[in-house]
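[1] Quick one: sequence and predicted model below, then my questions.
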Protein chains: 2
Amino acid sequence: MAKAAASRPGESHTPTMVDVALRAGVSTMTVSRALKEGSRVSKATREKIMVAVNDLGYVLDQSAGSLSSRKTGFVAAMVPSLNNSNFADTARGITDELESTGLQLLLGYTDYTVEKEEKLIEAMLRRRPEGIILTGGAHTERARRLLKGAGIPVVETWELPAKPIDQVVGFSNEEAMGLLVKTLARKGYRKFGYIGGTTSRDTRGSQRREGFVRAIEELGLPTGRLVSFGVPPISIEQGGQAIVSMLERWPDTEAVLCVSDLSAFGALMECKRRGLRVPQDIAIAGFGDYEVAAFCHPGITTVNVDCFGIGRQAARRLIQIIRGGEKKHEQEIILTGCRVVEREST
Amino acid sequence: MAKAAASRPGESHTPTMVDVALRAGVSTMTVSRALKEGSRVSKATREKIMVAVNDLGYVLDQSAGSLSSRKTGFVAAMVPSLNNSNFADTARGITDELESTGLQLLLGYTDYTVEKEEKLIEAMLRRRPEGIILTGGAHTERARRLLKGAGIPVVETWELPAKPIDQVVGFSNEEAMGLLVKTLARKGYRKFGYIGGTTSRDTRGSQRREGFVRAIEELGLPTGRLVSFGVPPISIEQGGQAIVSMLERWPDTEAVLCVSDLSAFGALMECKRRGLRVPQDIAIAGFGDYEVAAFCHPGITTVNVDCFGIGRQAARRLIQIIRGGEKKHEQEIILTGCRVVEREST
DNA sequence: GTAAGACATGTTATCGATACCAAATTAACA
DNA sequence: TGTTAATTTGGTATCGATAACATGTCTTAC
């Protein structure tokens, strides 16, 4: 009690719980309880404490709190890029779902590399998150070890990894792209081209490409019309460049599918610039259902992915495990929907 | 020493520094030093410790560390929306700049409302960030109080607030839009229309609108052609709707300026859909220099803003103050550049 | 009227690291 | 070789909160 961190006059120090307790004439424990909802503190006491809190401008120090309660209230999430509205939507889904729970998001971006992801994971684990959400299933060996060792639930999203670490919330990029091929084949297109890299940096992109190749083979259509471009992030510009080389090498291509709406849009605009009519001269489709695909002219046929839902569900599953206190939780694989959206570009 | 949190066999607990110290045969203090670069520990000892760290899969607990060092290593930043590539670029600028310093970003989005911003600020302050970056100069009274009380440097970005809290990194949205008007007026356009809301939620948008109105008046051009749309976030779709009502009410409008490239793009596509030629029948310009503006057809004239640079400089200024240990730092107002980019749409 | 339970509050001992200072070891130099 | 300076290491207290347990007060029921 002699402790009394009470401010020596003149010295401005950020108030602690002791200051509040002193001012309200109660113990710090009571202050702690008053500030945590769901604890029983008498109405009168709580009011007294709140007055003191406001007078002092006290703000709870969660770093300290989480040390003793052994709960940090953090959830970590990693996306390849912030600057991609698909992943931004996922991040938003996560935040929205966490908000009500009082959990806070530690967001990082990996720049599409597993090396940066590994570093990020390590940095985040130092903050002792209660759960972690990753994009995709490609990680370094060390990252896997770190995650296992952390003893917290892990959710991989946006894909269906062959060897999941723990929880999964995603869909098959391969199947989704296959579905798009089949939808367009049904409309009569036969000579399909594909635009999108093979780089290991964008595993979802590679999976889509595989899905394309497989579907083409299954349907017995002409194969081999593949154009790839540089490293992620996928840009509109790359799409424009890629369609040029596609048309140079295979001028009779009837329909071009792109790894992303962004490249599809770039391709579309380049076609317009060259006076090609879409879809009469060439059909174009994308992936991801970005806003630009819906409102450009002509609208771009694409695959809609429930980006926001992926975030929500990933967070929800984490919360279940964290708050449910399942000691040894079961692995669960949650499939999120995706569907072809046909527009004027095909 | 009897403390020895050393694991009872069979029980798996996340290892602490004590475990590492025991295993390496040194004190925790030495382990602490070995893990912090720039501390003097003999090469042999450090190696011994690193072996122990790897064997145990130990990861430093920064929550605990920051409690005793009174440095959390956090910087908080708030943007209106994650799903906007301008702000995403700013966030990236911040992260990139922080990375080398070992500071970690706590990122939140306010959904363009000061109320949500206030809540977020409070939540973030509980984590005791060492500095905080905000978008814009509009905040609730309580938010201002909280920030003052926190005793940490604050940077407001993307605007030049009339009453800055502390540091500022931004530009005049009003002037920037005025510049755009003047550039187009010089090309001969006379009947200007403006698309963009007046809502208090998007203060930058309102400032741009004011800049438009003022410039039109200064030039003695026909006034009053203003169309606003719903609440932020600004979308492509809104732009398409807005141009429709613009053309209905003022069919002879020669050039339409939009609060953002997104609405400009929506407007442009709607014009194409209706068979209007841009810029012959109507000219369109935007703001922000999004990728879509550069690569759509026709390219959209716009104002380029150094989004990434805003983030970098805001973070850099914070680091200066935090690491420099300036007790009472001076206010500094850093102007970031912006410039008109003329393309085919005007 | 009293025992038993419900509720409100206080006490004490941590949580896992680092600051600060003291002790021990090694290197440096006359 | 002896003495001082430089470098490495260790011990202890503490950061600011909360868990767990103890205590005290007030109901309620018989």
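    Everything's here; your move.

[2] Strands along the stretch 51-200 of chain A, start to end?
    In chain order, the stretch 51-200 of chain A shows strands spanning A:74-79, A:104-109, A:131-135, A:154-157, A:167-170, A:192-195, with DSSP state E, counting those that start in this stretch as the criterion.

[3] wait, which of the ones you listed is closest to residue B:27?
    Distance to residue B:27, taken as C-beta to C-beta, is lowest for strand A:74-79 among the strands of the stretch 51-200 of chain A, at 29.2 Å. To be clear about C-beta, it is placed using only N, CA and C from the backbone, and glycine gets the same treatment.

[4] Name every strand pairing with that closest one and say which way it goes.
    Strand A:74-79 sits in its sheet next to strand A:104-109 (parallel), strand A:131-135 (parallel), going by DSSP bridges.

[5] what about the first one, near DNA strand D?
    No. Using C-beta under 7 Å from any atom of the strand, strand A:104-109 stays clear of DNA strand D, with a minimum separation of 14.5 Å.

[6] how about the strands paired with strand A:74-79 in a markdown table, adding distance to residue A:62?
    Listed next are these as a markdown table, based on distance: least, C-beta to C-beta, whole Å:
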| stretch | distance to residue A:62 |
| --- | --- |
| strand A:104-109 | 9 |
| strand A:131-135 | 17 |
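
[7] Include distance to residue B:182 and mean pLDDT when you put those into TSV, please.
    Shown next, in TSV, are these (distance: least, C-beta to C-beta, whole Å; pLDDT from 0 to 100):
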stretch	distance to residue B:182	mean pLDDT
strand A:104-109	38	96
strand A:131-135	45	97
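
[8] who's in contact with the helix or strand of chain A with the lowest mean pLDDT?
    Averaged element by element with mean pLDDT, DSSP states H and E, chain A has its least confident helix or strand at strand A:226-227 (a mean of 87). Strand A:226-227 is touched from outside by A:193-195, A:209, A:213, A:242-243, A:245-246, A:249, with contacts defined as C-beta atoms under 8 Å, 6 or more residues apart in numbering or on different chains.

[9] same thing but at 10 Å, please
    Contact with strand A:226-227 is made by A:192-198, A:209, A:212-213, A:216, A:238, A:241-250, A:253, A:256, A:258, A:263, A:267, as judged by C-beta atoms under 10 Å, 6 or more residues apart in numbering or on different chains.

[10] ok so, going back, for the strands of the stretch 51-200 of chain A, give me CSV that also has mean neighbour count.
    Below are the strands of the stretch 51-200 of chain A laid out as CSV (neighbours: other C-beta atoms under 10 Å in any protein chain shown):
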stretch, mean neighbour count
strand A:74-79, 25
strand A:104-109, 22
strand A:131-135, 26
strand A:154-157, 26
strand A:167-170, 25
strand A:192-195, 28
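
[11] Identify whichever of those lies nearest to DNA strand C.
    Counting by C-beta to the nearest atom of the strand, DNA strand C lies closest to strand A:74-79 out of those; the figure is 14.7 Å.

[12] hmm, that closest one in reach of DNA strand C?
    No. On the criterion C-beta under 7 Å from any atom of the strand, strand A:74-79 is out of touch with DNA strand C, staying 14.7 Å away.

[13] dump the residue contacts of the closest residue to residue A:210 other than its chain neighbours.
    The spatial neighbour of residue A:210 that comes closest, neighbours along the chain excluded (C-beta to C-beta, 6 or more residues apart in numbering or on different chains), is residue A:174 at 5.4 Å. Counting by C-beta under 10 Å, 6+ apart, residue A:174 touches A:159-160, A:204, A:206-215.

[14] same thing with residue A:98?
    Neighbouring residues of residue A:98 by C-beta under 10 Å, 6+ apart: A:73-75, A:77, A:104-105, A:131, A:311-312, A:315-316, A:318-319.

[15] And residue A:306, by the same measure?
    A:89-90, A:93, A:169, A:171, A:289, A:312-313, A:336-339.

[16] from the contacts of residue A:174, which single one is nearest chain B?
    Nearest to chain B among the contacts of residue A:174: residue A:204, at 19.0 Å, using C-beta to the nearest C-beta.

[17] that older thread, may I see the buried residues of the helix or strand just after the least confident helix or strand of chain A?
    With elements assigned by DSSP states H and E, the helix or strand that comes after strand A:226-227 is helix A:236-249. For helix A:236-249, the neighbour count (16 or more other C-beta atoms under 10 Å in any protein chain shown) marks A:236-243, A:246-247 as buried.

[18] Repeat that for stretch A:215-222.
    Buried residues in stretch A:215-222, counted by 16+ other C-beta under 10 Å: A:215-216.

[19] what does stretch A:277-295 give?
    A:278-279, A:282-295.

[20] From these, which land in strands?
    Residues of the buried residues of stretch A:277-295 located in strands (DSSP state E): A:283-285.

[21] export the residues you listed to CSV and tack on pLDDT?
    Below are these laid out as CSV (pLDDT from 0 to 100):
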residue, pLDDT
A:283, 96
A:284, 96
A:285, 97
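
[22] got the contact list for residue A:165?
    Residues near residue A:165 by C-beta under 10 Å, 6+ apart: A:132, A:134, A:137, A:139, A:143-144, A:147-148, A:153-156, A:331.

[23] Mind doing that once more with 7 Å?
    Residues near residue A:165 by C-beta atoms under 7 Å, 6 or more residues apart in numbering or on different chains: A:144, A:147, A:154, A:156.

[24] The last one against residue A:147, yeah?
    No. Distance between residue A:156 and residue A:147: 10.0 Å, which falls outside the contact criterion (C-beta atoms under 7 Å).

[25] is stretch A:61-81 anywhere near DNA strand D?
    Yes. With C-beta under 7 Å from any atom of the strand as the criterion, DNA strand D is reached by stretch A:61-81 at A:61, A:64-65, A:67-69.

[26] first vs last residue of that stretch, how far apart are they?
    Distance between the two ends of stretch A:61-81: 31 Å, counting by C-alpha to C-alpha, to the nearest Å.

[27] in it, what's buried?
    A:61-67, A:72-81.

[28] and for stretch A:271-284, what are the contacting residues?
    A:189, A:243, A:253-256, A:264, A:267-268, A:298, A:300, A:345-346, B:297.

[29] Quick check: of these, which lies closest to residue A:113?
    residue A:264 (24.4 Å).

[30] Can you check what pLDDT the model gives that closest one?
    As predicted, residue A:264 sits at a pLDDT of 95.

[31] quick one: contacts for it?
    Residues in contact with residue A:264, defined by C-beta under 7 Å, 6+ apart, are A:239, A:258, A:284-286, A:293, A:300.

[32] what's the burial count for the residue of the stretch 101-250 of chain A found nearest chain B?
    Nearest residue of the stretch 101-250 of chain A to chain B: residue A:149, at 4.0 Å (C-beta to the nearest C-beta). Neighbourhood size, residue A:149 [other C-beta atoms under 10 Å in any protein chain shown]: 16.

[33] Then residue A:148?
    Considering only other C-beta under 10 Å, residue A:148 is surrounded by 13 other residues.

[34] same thing with the one 3 residues further on?
    Around residue A:151 sit 9 other residues, with neighbours defined as other C-beta under 10 Å.

[35] tally of neighbours for the closest residue to it other than its chain neighbours?
    The shortest distance from residue A:151 to any residue other than its chain neighbours is 6.1 Å, reached at residue B:14 (C-beta to C-beta, 6+ apart). For residue B:14, the count of nearby residues is 18 (other C-beta under 10 Å).
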